[in-house]
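Undergrad: got a sequence here, can you model it:
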Amino acid sequence: MRPHFLPVLVFFFLACLALPAGAQDLSLFEKRQFQSADGAVLPYRILYPKKYNRSKKYPLVLFLHAAGERGTDNEAQLAYGASLFLDSLNRSKFPAIVVFPQCAPDEYWTELTPDGKSWKFPFNASPPPSLRRTIALLGRLQQGEAVDPQRIYLMGISMGGFAVFDLMARFPELFAAGVTVAGGGSPLLAPLYAGHTSLWAFHGAKDDVVPPALSRQVCESLMRQGADVKYTEYPDVKHESWKPALAEAALLPWLFSRKLNDERRYQRTCFGQANKNTYTYATKNGEALALDVYRPAGDTVRSRPTVLYVHGGGFSGGRRDEPQHAAFAEQLARMGYVVVCMSYRLTMKGQSFGCDQPAANKIRTFQASVEDIRDATNYLLNNRGKLGINQNQLVLAGSSAGAEAVLHAAYWRDSNLLPTSPKLPADFRYAGVISMAGAIVDTSLISRRRAIPTMLFHGTCDPLVPFAAAPHHYCQETDPGYLPLFGGYTIAQRLRSIGMPYFLLTACYGQHEWNSIPLSDFVGEITNFLYEDVYLGRFRQIMVRHTQTGNCTDGSLPLECEPRP
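TA: You can find the predicted model right below:
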């Protein structure tokens, strides 16, 4: 985990009084020591759920104590909060892994320098040693324990409350929720985690150690940004507001109901790795057609947006598992998507797909690829429960020949295919289509009733697949392979004219390399399209120009690409 550069708190902190945790058996919190990379040791206590089962996934709560509980005895940090999680009813209702690290006696969770009551937040690149070791410990626990990555929580009192604000800002993608008691943070940092982490902050109105304004102002900033935040201020309570806060009956139900927001997860990496499984979706003429399914490892969500990707290669070559395809699939899967890379019949293998190939054969090639896409789609729909696929958010994507295939799969009707072609369920429609250097035989296929969110990447000087309207491979009308096609620009114009959503990236002077460039260089734009246009269903018509150097021997240069005087 790479920390952001953050302000660090500078203030004079009064030690907190430590009282016994109560009558529960504190030995249920196992004593552990974590040795960090610098050789230093961080004491910590860990409580496992009853009947802990490593084949399941559990929430993890990281509880950060106050200044009065610093030390090396690996005991004092349980003074507050431990009894809440040892309660028998709570352990039954909210099974979780609960961790109490102990800050070194001569350190603070956040940088503290005696400076009266000036409460400053100067920038600093790295957290203090004890917090740095705690971050490393958390990473180790994520790897070695049955931790649900969508439900990692922070709790902190007093000095620990400051650390909760600090960690939420450093790692907004990691924590589902935070609870701060008598702590504080900078409102300037609130935008870093406003869209990610839920917060419930508690403070005593008469706190004479940490001014309540340090909680109140952060919460006000978060509320202005639409964050999931609650603020509770106890009118007659001083600094020890953790006593009423930890007794709130709604606290644990609120905390454990929070998960990393599924909407936000589709915009950023929130899983450490992706799992890949290979399945055969059909066998045709003795050839097993397979697909690779990439899913986020450890995910608890069971219905996810899905991208079905079709590779390029002129219908004569290419593989579903090429390194660039696998890297693209893994990157999206680690953001929470399911990505499926499919094989299909290469009906032009050993043949030319240029101007010498009769146009009727080209059409039949398109039809065969659509048949295979339909078979793969039906396989995914029939196994959506096992694969964790949302059938209402299945998007097609393809490069070059694969882009031609997915555009026709998205817009051709049954009548455009052979009578023996596979059928899709009557109530099914693709949620979107992404074309990288693709084209379609007829834009009139795109009607207002049938149009879906469409993303298009195309180079203006593509010599193989036309950017606008032109013959395939720019064949002459007298050539056997003369087949008019309509590329990204013309498709976008059609969608614009009928008032339907689209995204077009025009690569000025770009050639056919734009069938692969987006897979590595424009993943952010692709996931933004998937999130905004598909997942949220927002209506957008976007045209983006990307300029590069080059000359056009084929293709066309729209006005927006012409050099300005």
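
Undergrad: going forward, measure contacts and count neighbours with C-alpha atoms only.
TA: Noted.

Undergrad: and stretch 215-223, how far out from the chain middle?
TA: 26 Å (CA atoms, centre = their mean, to the nearest Å).

Undergrad: please read the previous query as pertaining to stretch 340-350.
TA: The answer for stretch 340-350 is 30 Å, by CA atoms, centre = their mean.

Undergrad: for that stretch, buried residues please.
TA: 340-348 (16 or more other CA atoms under 10 Å).

Undergrad: gap between the two ends of that stretch?
TA: The first and last residues of stretch 340-350 sit 27 Å apart, counting by CA to CA, to the nearest Å.

Undergrad: what residues does it touch?
TA: Stretch 340-350 is contacted by residues 289-294, 306-311, 314-317, 319-321, 325, 329, 365, 368-369, 372-373, 376 when judged by CA atoms under 8 Å, 6 or more residues apart in numbering.

Undergrad: just the ones of these in strands?
TA: Counting by DSSP state E, the part of these found in strands is 289-294, 306-310.

Undergrad: burial check on residue 267, number of neighbours?
TA: By other CA atoms under 10 Å, 20 other residues sit near residue 267.

Undergrad: I'd say it and residue 337 touch.
TA: No: in this structure, residue 267 is not within contact of residue 337 by CA atoms under 8 Å, at 9.9 Å.

Undergrad: what is the nearest of the ones in strands among the contacts of stretch 340-350 to residue 99?
TA: Closest approach between the ones in strands among the contacts of stretch 340-350 and residue 99, by CA to CA: residue 294, at 32.0 Å.

Undergrad: what residues are up against the closest one?
TA: Residues near residue 294 by CA under 8 Å, 6+ apart: 274-277, 329-330, 333, 338-340.

Undergrad: sorry, back to before: could you dump the buried residues of stretch 340-350 into a markdown table with pLDDT and distance to residue 476 added?
TA: A markdown table is the format used below for these (pLDDT from 0 to 100; distance: CA to CA, whole Å):
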| residue | pLDDT | distance to residue 476 |
| --- | --- | --- |
| 340 | 99 | 37 |
| 341 | 99 | 35 |
| 342 | 98 | 33 |
| 343 | 98 | 32 |
| 344 | 98 | 29 |
| 345 | 97 | 28 |
| 346 | 96 | 25 |
| 347 | 94 | 24 |
| 348 | 94 | 21 |
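
Undergrad: what two of these are the furthest from one another?
TA: Most distant of these, by CA to CA, are 340 and 348, 23.1 Å apart.

Undergrad: picking up where we left off before, helices - which of the contacts of residue 294 land there?
TA: Counted as lying in helices by DSSP state H, out of the contacts of residue 294, are 329-330, 333.

Undergrad: in CSV: the residues you listed, plus neighbour count and distance to residue 101.
TA: CSV is the format used below for those (neighbours: other CA atoms under 10 Å; distance: CA to CA, whole Å):
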residue, neighbour count, distance to residue 101
329, 27, 37
330, 23, 34
333, 29, 32
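
Undergrad: helices of the stretch 51-200 of the chain, start to end?
TA: Along the stretch 51-200 of the chain, the segments classed as helices by DSSP state H, counting those that start in this stretch run 82-86, 88-93, 129-144, 159-170, 190-193.

Undergrad: what's the fourth one in contact with?
TA: The list of residues contacting helix 159-170 from outside it, by CA under 8 Å, 6+ apart, reads 3-6, 8, 13, 63-67, 108-110, 154-156, 174-175, 178-185, 189-190, 192-193, 197.

Undergrad: among those, which are located in strands?
TA: Under the assignment DSSP E, these contribute 6, 63-64, 154-156, 178-181 to strands.

Undergrad: which of these sits closest to residue 478?
TA: Scanning those for proximity to residue 478, where the rule is CA to CA, the winner is residue 6, at 67.1 Å.
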